[in-house]
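Trainee: Starting from these lines, generate the structure:
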Amino acid sequence: MRAAFVAAHDGWQVAVLVPTTLLAQQHYQNFKDRFADWPVRIEHLSRFRGKKEQDAVVSGLADGTIDIVIGTHKLLQSEIKFKRLGLIIIDEEHRFGVRQKEQLKRLRAEVDILTLTATPIPRTLNMALSNVRELSIIATPPSRRLAVKTFVREWDNGLLQEALLREVGRGGQVYFLHNEVESIDKMTAQVGQLIPQARVAIAHGQMRERELERVMLDFYHRRFNVLVCTTIIETGIDVPTANTIIINRADKFGLAQLYQLRGRVGRSHHRAYAYLIVPSRAYIGADALKRLEAIESLEELGVGFTLATHDLEIRGAGEILGEEQSGQIQEIGFALYSELLERAVKSLKAGREPHLDGGSSPSTEIDLHIPALLPEDYVPDVHTRLILYKRIASAENEDKLTVLREEVIDRFGLLPPAAQNLFLVTRAKLAAAPLGLRKVDLGQNGGRLMFDAKPNVDPARIIELVQKQPKAYRLDGGDKLHIIKPLPDSNSRVDELQRLLALLSGISGAHTLNRSVPVQEQ
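Mentor: Numbers count the residues shown, from 1 in each chain. Purely as a prediction, here's the structure:
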């Protein structure tokens, strides 16, 4: 609302896109109340409005007389034209597809976009974590807000009757979610038998607009206390007095959807309860069981972000420039993809054209044909090994690598030869990268050095080396130096690499790679 206020007072139009008509109606009322004392014209566009009212809103957007419009997918229709659109707010962003969001972006190239969601889709979360989009997390719950108690249970008339009576008895209201329109009347009759003293109503998406609007307003004003409904209540409906939700056949819902549905209760200072009703566990699939266990265990407030990161791991990160919102990065691997993305983002933020072939943080590939790793018997835990590999590969300079090496020795003891090799090769990469070396490959019969297109090396040094020792060194094209000499053991390869790095960098004497123990033979 503050963002919309700032944009409107600067003369821009604001479009608030929401997934359901009920949420559009609710936001419209909240905006009207909040902006009542200001000269801001607010309208809403959904199927709840008649043709004449919708036409008036469309013309008001085109001539600029409407400052803020709140609407469903109708805002994406081709006849909607804005005079001066400055801000788009997408509520419950996970309910929209890529094409729908891209349609809004095309309305204006320089439009600001603010997306709101408790459970971001994998692609959006990945873009935020990659710095392509800015991310703000509201982790502080409202004062006196309590976490929702969640139970996964099989159908039990006694349990459901107790849940319904407890909520109605304390003056509250209940959502009973049954997501099949065909059998919702039968389920309503069953609920009525469980709690005859309650006033029960039905709400689902196939009802007529006015009838659905009337039912939801009646429920909001507490004219009845049990609402048998479909997932139409999923997005953002705010009824503070509704503090128990019973979800029938919860095994059919996704993890994010269960989280959203559970979020419909517990929106005040009262303790709320969510009952996930499932068939016998023998008939539930393994994935559905995992989802139910996860939602039952994640009871703390503000766990939507944690849940979304699990979703990112399960479904994959999706495409940034394509239309897939989830999916695996199969071609190049996630590590390389993340590195390329990070380079491109840094270049664009610095106002430069990104060059993915060179990159802003070049890395040299060094292969000495020696084992360079952290052995299992040295660091037994695989998770710890992966973290250490990542930290070693990410070391920015020799000082940080030395500190990390000392930490590993302190935690796990003296380095075995293979681990010593790993630090030695990483140190060589740090020395080789600034010189513009792309690859170093040294084996038993010699090897080669490959340079970037514009290496940071004095060509005279290489020419002098080739002229003095033509049988041992040979230039191949403009980017390769061949080493033609036997390097039978690992120590001879490391010594050769030290000499070449010292020569190329112009350092007199041997360029030490700080080898404290002999390297292990392959």
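Trainee: Next, count neighbours for L422.
Mentor: 23 (other Cβ atoms under 10 Å). Where you see a C-beta, it was placed from the backbone N, CA and C, and this is true even at glycine.
Trainee: Then W12?
Mentor: 21.
Trainee: From E182, how far off is it?
Mentor: As judged by Cβ to Cβ, to the nearest Å, W12 and E182 stand 46 Å apart.
Trainee: Find the centremost residue of this structure, please.
Mentor: L125 (1.9 Å; Cα atoms, centre = their mean).
Trainee: Doesn't it belong to a helix?
Mentor: Yes: secondary structure of L125 (DSSP: H, G, I helix; E, B strand; the rest coil): part of a helix.
Trainee: For L348, see how far away it is.
Mentor: Relative to L348, and taking Cβ to Cβ, L125 is found at 20 Å.
Trainee: quick one, helices of the stretch 251-400 of the chain?
Mentor: Assigned by DSSP state H, counting those that start in this stretch, the helices in the stretch 251-400 of the chain fall at 255-262, 286-297, 304-315, 334-349, 382-393, 398-412.
Trainee: what do you get for the stretch 51-200 of the chain?
Mentor: 51-63, 98-107, 122-129, 157-169, 184-194.
Trainee: Please name whichever of these is nearest to V215.
Mentor: Smallest distance to V215 across the helices of the stretch 51-200 of the chain (Cβ to Cβ): 12.2 Å, for helix 184-194.
Trainee: Mean pLDDT lowest where, among the helices of the stretch 251-400 of the chain?
Mentor: Lowest mean pLDDT within these: helix 304-315, a mean of 62.
Trainee: Check what pLDDT E92 gets.
Mentor: E92 carries a pLDDT value of 80.
Trainee: That one and L116 touch, don't they?
Mentor: Yes: using Cβ atoms under 8 Å, E92 makes contact with L116 at a distance of 7.1 Å.
Trainee: Neighbour count for these two, which is higher?
Mentor: Using other Cβ under 10 Å, the more surrounded residue of E92 and L116 is E92, with 20 against 14.
Trainee: Can you list phi and psi of the more buried one for me?
Mentor: Taking degrees, to the nearest 10, you get phi 50, psi 60 for the backbone angles of E92.
Trainee: most packed of the helices of the stretch 251-400 of the chain?
Mentor: helix 255-262 (a mean of 22; mean count of other Cβ atoms under 10 Å).
Trainee: is the nearest residue to T188 once chain neighbours are set aside in a bridge, and if so with what?
Mentor: Closest residue to T188 apart from its sequence neighbours, by Cβ to Cβ, 6 or more residues apart in numbering: V228 at 4.5 Å. Judged by DSSP bridges, the bridge partners of V228 are F176, I202.
Trainee: tally of neighbours for V228?
Mentor: For V228, using other Cβ under 10 Å, the count is 24.
Trainee: and it, what does it touch?
Mentor: V228 sits next to F176, H178, I184, M187, T188, V191, V200, A201, I202, A203 when contact means Cβ atoms under 8 Å, 6 or more residues apart in numbering.
Trainee: repeat for N445
Mentor: Taking Cβ under 8 Å, 6+ apart, one finds P486, L487 in contact with N445.
Trainee: And the pLDDT for it?
Mentor: 87.
Trainee: What's the separation between it and L435?
Mentor: Taking Cβ to Cβ, one finds N445 at 24 Å from L435.
Trainee: now swap in A7 and tell me
Mentor: Relative to L435, and taking Cβ to Cβ, A7 is found at 51 Å.
Trainee: More neighbours: which of the two?
Mentor: Ranked by neighbour count (other Cβ under 10 Å), A7 and L435 place A7 first, with 22 against 19.
Trainee: pretty sure that one contacts I89?
Mentor: No: counting by Cβ under 8 Å, A7 does not reach I89; the two are 9.3 Å apart.
Trainee: how far away is V148 from L276?
Mentor: Counting by Cβ to Cβ - V148 and L276 are separated by 11 Å.
Trainee: same deal with H482?
Mentor: Counting by Cβ to Cβ, the gap from H482 to L276 is 67 Å.
Trainee: who's more crowded, the two?
Mentor: L276 (24 against 14).
Trainee: hey, what's that one bridged with?
Mentor: Beta-bridge partners for L276, by DSSP bridges, are V152, I247.
Trainee: Please report how far it lies from H270.
Mentor: When L276 is compared with H270 (using Cβ to Cβ), they lie 20 Å apart.
Trainee: got it, and I277?
Mentor: 22 Å.
Trainee: Please identify the buried residues of stretch 367-383?
Mentor: For stretch 367-383, the neighbour count (16 or more other Cβ atoms under 10 Å) marks L368, I370, P371, A372, L374, Y378, V379 as buried.
Trainee: now stretch 478-485
Mentor: Neighbour-count burial for stretch 478-485 [16+ other Cβ under 10 Å]: L481, I483.
Trainee: which other residues reach it?
Mentor: 438, 442, 446-453, 462, 466, 471-476, 496, 500.
Trainee: Endpoint to endpoint, it covers what distance?
Mentor: Distance across stretch 478-485, first residue to last, is 21 Å (Cα to Cα, to the nearest Å).
Trainee: Just the mean pLDDT for it, thanks.
Mentor: On average, stretch 478-485 scores 86.
Trainee: Now do that stretch: distance to the chain's middle.
Mentor: 45 Å (Cα atoms, centre = their mean, to the nearest Å).
Trainee: for stretch 491-511, same thing?
Mentor: Counting by Cα atoms, centre = their mean, stretch 491-511 comes out at 45 Å from the chain centroid.
Trainee: Under the pLDDT cut-off, which ranges of the protein? List them.
Mentor: 101, 104-109, 120-124, 126-127, 129-132, 235-236, 301-337, 355-363, 507-522 (pLDDT under 70).
Trainee: Domain-wise, how is it divided?
Mentor: 2-116, 149-301, 329-361, 365-505 (automatic domain parsing).
Trainee: sorry, back to before: check the buried residues of stretch 367-383 against D287 and report the nearest one.
Mentor: Taking the buried residues of stretch 367-383 together and measuring to D287 by Cβ to Cβ, the closest member is V379, at 32.5 Å.
Trainee: Give me the phi and psi angles of the closest one.
Mentor: According to degrees, to the nearest 10, V379 has phi -120, psi 90.
Trainee: Nearest residue to it in space, ignoring adjacent ones along the chain?
Mentor: Using Cβ to Cβ, 6+ apart, the closest residue to V379 is R385 (4.8 Å).
Trainee: Isn't the one you found up against R391?
Mentor: No: the criterion here is Cβ under 8 Å, and R385 misses it with R391 at 10.8 Å.
Trainee: Name the surrounding residues that touch the host helix or strand of F5.
Mentor: Taking DSSP states H and E as the criterion, F5 maps to helix 2-9. With contact meaning Cβ under 8 Å, 6+ apart, helix 2-9 is reached by 13-14, 16, 31, 35, 38, 40, 67-68, 86-87, 89, 112, 114.
Trainee: With that, I have no additional questions.
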